[in-house]
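>>> what follows is a predicted protein model with its sequence.
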Amino acid sequence: MMLSDPIAIIAAVVSVLEGLHIIYYIGGSFASSLYGIPRSSQDVDIIADIRPEHVNSFVQNLQAEFYVDETMVRNAISHKTSFNIIHFVSSFKIDIFLAQDTSYSKKEISRRNLHVLRKEPLFEAYFASAEDIILEKLIWFKLSNEVMNTQWKDVLGIMRVRKGSLDIDYLKHWSTVLDVSDLLEKAFIYV
């Protein structure tokens, strides 16, 4: 089956992850568009707890439709970094970040939630929580020396759309732990 619709492409990857019982969630701009103000993107970020024993099946299940390099996957697992897979037909890219072994990463995983992305045929996928997307975007914004305006706009978009439903205590606690509390306070001024 040749896929070209981004939702169908994501569904194909999520299906493999779920089939292998790999814990995952979608993050990045795709998630911020779900929670905030939509914007286009040519890729999607997935955070996954892929382990060495998953690699052979993971690669075999994707290689007909995706460029996926087994060595890159194994290196990413060894170093807890990331790798990407690219859909042959559309060139749509999926960046897969390995789940980290930190208290915050474990909290993010425990707070992931299921969202319907398509009703017919039904496709649901796990996403990071709105609060965790805000925190991750603030981290990336800080790492860019506060010049990645798309990250900042995504934060403000989520905060405006989700105003009144965000867990402010959670945001304040983890923004302090993650050293982005100054940026969170600045964001509150703008919303």
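That came through, no problem.
>>> remind me which residues of this structure are low pLDDT?
Applying pLDDT under 70 to the chain picks out residues 1-4.
>>> kindly recompute the last result at 80.
Residue ranges of the chain with pLDDT under 80: 1-4, 41-42.
>>> ok, now which ones touch the most centrally placed residue in it?
Centroid-nearest residue in the chain, with C-alpha atoms, centre = their mean: Gly27, separated by 1.8 Å. By C-beta atoms under 8 Å, 6 or more residues apart in numbering, the contact set of Gly27 is 45-47, 97, 127-128, 132-133, 136. Any C-beta I mention is one placed from the backbone N, CA and C, and that applies to glycine too.
>>> and the residues you listed as CSV, adding distance to Ser175 and secondary structure?
What follows is these, written out as CSV (distance: C-beta to C-beta, whole Å; DSSP: H, G, I helix; E, B strand; the rest coil):
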residue, distance to Ser175, secondary structure
Asp45, 20, strand
Ile46, 24, strand
Ile47, 19, strand
Phe97, 20, strand
Phe127, 20, strand
Ala128, 15, coil
Asp132, 11, helix
Ile133, 13, helix
Glu136, 11, helix
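>>> ok, so of these, who is nearest Val161?
Minimum distance to Val161 across the contacts of Gly27 is 11.5 Å, recorded for Ile133 (C-beta to C-beta).
>>> what count of nearby residues applies to that closest one?
27 (other C-beta atoms under 10 Å).
>>> ranges for the strands of this protein?
All strands of the chain, identified by DSSP state E, fall at 24-27, 43-48, 66-67, 82-87, 93-98, 113-118, 123-127.
>>> out of those, nearest to Val55?
Using C-beta to C-beta and comparing the strands of the chain, the one that lies nearest Val55 is strand 82-87, at 10.7 Å.
>>> relative to strand 93-98, how tilted is the closest one?
Going by axes from the mean of the first three to the mean of the last three C-alpha atoms, to 10 degrees, strand 82-87 is angled at 150 degrees with respect to strand 93-98.
>>> list the helices and strands strand 82-87 packs on?
strand 66-67, helix 70-79, strand 93-98 (3 or more C-beta pairs under 8 Å, 6 or more residues apart in numbering; DSSP states H and E).
>>> the nearest residue to Asp101 once chain neighbours are set aside: neighbouring residues, count only.
Excluding the flanking residues, the one nearest Asp101 by C-beta to C-beta, 6 or more residues apart in numbering is Lys80, at 7.4 Å. Using other C-beta under 10 Å, Lys80 has 13 other residues around it.
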